[in-house]
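*Asks:* I'd like to go over a predicted model; first the sequence, then the structure.
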Amino acid sequence: MRNSVQTWQLQTAKNKFSELVANAMAGPAQLVTRNGRPAVYVISADKYSRISGKNRNSLKKLLLSKPHRDLEITVDRRSDSGRKIVL
């Protein structure tokens, strides 16, 4: 894994897109330039999720949205007093 950002010219990035994606998934973001200027960064989906916070607090948000408020749940349980222990 490399520690520095690799820079790709747009035409090279097009021709070697699979390599660009593999590098982005394995290491740091990949910078694509157009006309010599930075245009876009390519990063892995995992890194994007961590950076954007898409997965953060998803269970908390779900529970707070109260999707269960209209559900009626009946739980049938046997009355079990446990096992008998002889002392």
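*Replies:* Perfect, thanks for sending it.
*Asks:* Quick check: what element follows the longest helix along the chain along the chain?
*Replies:* Secondary structure assigned by DSSP state H gives helix 17-26 as the longest helix of the chain. Following helix 17-26 in sequence order, the next helix or strand is strand 30-34 (DSSP states H and E).
*Asks:* Quick check: buried residues in the next helix or strand after that next one?
*Replies:* Proceeding N to C from strand 30-34, the next assigned helix or strand is strand 37-42, under DSSP H and E. Within strand 37-42, the residues scored as buried using 16 or more other Cβ atoms under 10 Å are Val42. Backbone N, C-alpha and C define where each C-beta goes, glycine included.
*Asks:* Strand 37-42 pairs with which strands, parallel or anti?
*Replies:* strand 30-34 (antiparallel) (DSSP bridges).
*Asks:* Return the set of buried residues in the strand it pairs with.
*Replies:* 30, 32.
*Asks:* That one versus helix 17-26: what angle between them?
*Replies:* Relative orientation of strand 30-34 and helix 17-26, computed by axes from the mean of the first three to the mean of the last three Cα atoms, to 10 degrees: 140 degrees.
*Asks:* Identify all contacting residues around strand 30-34.
*Replies:* 5-10, 13, 20, 23-24, 38-43 (Cβ atoms under 8 Å, 6 or more residues apart in numbering).
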